[in-house]
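**Q** How does the following fold in three dimensions:
(one chain, ligands or ions: 1)
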Amino acid sequence: DKQKVASPRRKSGEVALAGVVGAGIMGQGIAAANLKRGVRVLLADNRPDALAAGIEGVVREASFDKATRGVSADLAIERAAMIGARPETGGLAGADVVIEAVVENADVKRQIFAEIEPHLQDDAILASNTSTIPITTLAEGLERPENFAGLHFFNPVRKMPLVEVIRGAKTSDDTIERLVAYSKKLGKTPVVVNDGPGFLVNRLLMPYMNEAALMVSEGVPIKTIDRAAKDFGMPMGPLELHDVVGLDTCLHAGRVLHAALGDRIEQAPIVAQLVEADRLGQKNGKGFYDWA
Ligand code: NAD
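**A** Residues are numbered from 1 along each chain as shown. Reported below is the predicted structural model:
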């Protein structure tokens, strides 16, 4: 297969070549984080337009970063020439770790794992950037569930130091250790957390965001809520955060948490209404706010 790229300088367990599936908000951020730390990246998406936009976004970010600025956009572009892999044809075969960052839907994610896993090296790690879906559920059907874990980056990846490393029921200690080392290599602060809907951070964060959305339906002005949260000390208001995360992603995540936690998280109907009206947040220019 012409698309196969061998991992360049791999010591035992170290990640030198990463694969990222899904070239959206998170896939771009994760790919850029790798390039900035000298880890080569294969980026994949099933929509050619999304892949092209994703590559542009990764190169833009990597070439303007302090770490890569000195070596200019050329290096970023040279590295980015690696990207554009097709997982279904084994295009990610040489990767030491593959991180899936597609839509928050367990069936879609499992379908992708089934396509990718047979092409991977035996000791390659497969990881999901899911926000809320239990890792043990996603591991169903895998041939090597011991090599599978959650690796949950936060948005925007360039700014957020935390990464949750999530242990599924069958994840091996070796996989967890390698993901912890890899997260550190990317300059992140890993925290190993237990499996479960929303893991640690989103279990805390989603009810907070959801209460803000409910207040909007009660007639409280959006700016009043966000301003109060910021004056309280949050870096960004909860409604602006919905727009940054993506309303569709919030909707899917809310559904997973509701299914697991029942009336402890009854999703605000306004989130589904915004998605229905094609207001997806910053990614398409409109959400709770108009961004265009
Ligand atoms: P996004 O909508 O910006 O991007 C998803 C990308 O996946 C799109 O480019 C789409 O074309 C691609 N895709 C869809 N189906 C595919 C397939 N079958 N094969 C290949 N590519 C496919 O989504 P996002 O916000 O980047 O979220 C991705 C994942 O990361 C989700 O699981 C989400 O829950 C999680 N996450 C999101 C955030 C956030 O703030 N947005 C934060 C942490 C984790």
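
**Q** List the residues that contact Gly254.
**A** Residues in contact with Gly254 (CB atoms under 8 Å, 6 or more residues apart in numbering) are 206, 210, 265, 267, 271. C-betas here are computed from N, CA, C, even on glycine.

**Q** Kindly reformat these as JSON lines containing secondary structure, pLDDT and neighbour count.
**A** Output for these, formatted as JSON lines (DSSP: H, G, I helix; E, B strand; the rest coil; pLDDT from 0 to 100; neighbours: other CB atoms under 10 Å):
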{"residue": "Met206", "secondary structure": "helix", "pLDDT": "95", "neighbour count": "24"}
{"residue": "Asn210", "secondary structure": "helix", "pLDDT": "97", "neighbour count": "22"}
{"residue": "Ile265", "secondary structure": "helix", "pLDDT": "91", "neighbour count": "22"}
{"residue": "Gln267", "secondary structure": "coil", "pLDDT": "94", "neighbour count": "18"}
{"residue": "Val271", "secondary structure": "helix", "pLDDT": "98", "neighbour count": "25"}
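
**Q** just the strands in the stretch 51-200 of the chain please.
**A** Using DSSP state E, counting those that start in this stretch, the strands of the stretch 51-200 of the chain run over residues 97-100, 125-128, 148-153, 162-167, 189-194.

**Q** What number of residues are in the vicinity of Gly233?
**A** 6 (other CB atoms under 10 Å).

**Q** let me fix that: Val103
**A** 13.

**Q** For it, which residues are in contact?
**A** Val103 sits next to 22, 248-249, 252 when contact means CB under 8 Å, 6+ apart.

**Q** quick one: which of those residues is most hemmed in?
**A** Neighbour max across those (other CB under 10 Å) = Gly22, 26 neighbours.

**Q** show me the contacts for that residue.
**A** Shown in contact with Gly22 (CB under 8 Å, 6+ apart): 44-45, 100-103, 129.

**Q** low-confidence ranges in this structure?
**A** For the chain, the stretches with pLDDT under 70 are 1-12, 63-89.

**Q** So which residues on it come close to the ligand?
**A** Contacts of the chain with the ligand, taken as CB under 6 Å from any ligand atom, map to 21-27, 44-47, 50, 101-104, 108, 112, 129-131, 154-155, 245-246, 249, 253, 283.

**Q** how about a cut-off of 5 Å?
**A** Residues of the chain that fall close to the ligand, judged by CB under 5 Å from any ligand atom: 22-26, 45-47, 50, 101-104, 129-131, 155, 245-246, 249.

**Q** neighbours around Gly219, how many?
**A** Neighbourhood size, Gly219 [other CB under 10 Å]: 6.

**Q** Oh, that last question was meant for Ala124, not what I typed.
**A** For Ala124, the neighbour count with other CB under 10 Å is 22.
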